[in-house]
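In: Below are the sequence and a predicted model for it; my questions follow.
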Amino acid sequence: MSVRRLGAPRPAQVQAGSGGCPEAVAGEAVDAVAEEWVVEDRWWTGRPLRRRYFELILAGGRNVVVFRDLGSGAWLEQRS
């Protein structure tokens, strides 16, 4: 039996502009940035967490939340 974490982030294909803001996700253009925030947590441990989140509205009307791991530079999609 395998265990799968609900809501676990998965890799995302994000094309970002010069300021780091997403311009497209999986080839679909970003229509609007609804919200942006930074999370810094577990700084007191050997594995701190630093992420820059974006809640986006894509051209097709779908809402998506992606984040950039500020440690590794990887883009991920946060699933609900």
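Out: Received the coordinates, thanks.
In: what's near enough to touch V66?
Out: A12, V14, P22, V25, Y53, F54, L56, W75, L76, E77, Q78 (Cβ atoms under 8 Å, 6 or more residues apart in numbering). Bear in mind the C-beta positions are built from the backbone N, C-alpha and C, glycine included.
In: The first one and Q78 touch, don't they?
Out: The reference is to A12. No - in this structure A12 lies outside contact range of Q78 using Cβ atoms under 8 Å: 9.1 Å.
In: okay, the contacts of V66 in a markdown table with neighbour count, pLDDT and secondary structure next?
Out: Rendered in a markdown table, the data for those read as follows (neighbours: other Cβ atoms under 10 Å; pLDDT from 0 to 100; DSSP: H, G, I helix; E, B strand; the rest coil):
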| residue | neighbour count | pLDDT | secondary structure |
| --- | --- | --- | --- |
| A12 | 18 | 97 | coil |
| V14 | 23 | 98 | strand |
| P22 | 22 | 98 | strand |
| V25 | 21 | 98 | strand |
| Y53 | 16 | 97 | strand |
| F54 | 23 | 98 | strand |
| L56 | 25 | 98 | strand |
| W75 | 20 | 98 | strand |
| L76 | 19 | 97 | strand |
| E77 | 16 | 96 | strand |
| Q78 | 17 | 89 | strand |
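In: Now distance to V39 too, for the residues you listed, in TSV please.
Out: Compiled in TSV, these are given as follows (distance: Cβ to Cβ, whole Å):
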residue	distance to V39
A12	16
V14	17
P22	17
V25	19
Y53	7
F54	12
L56	17
W75	15
L76	12
E77	15
Q78	11
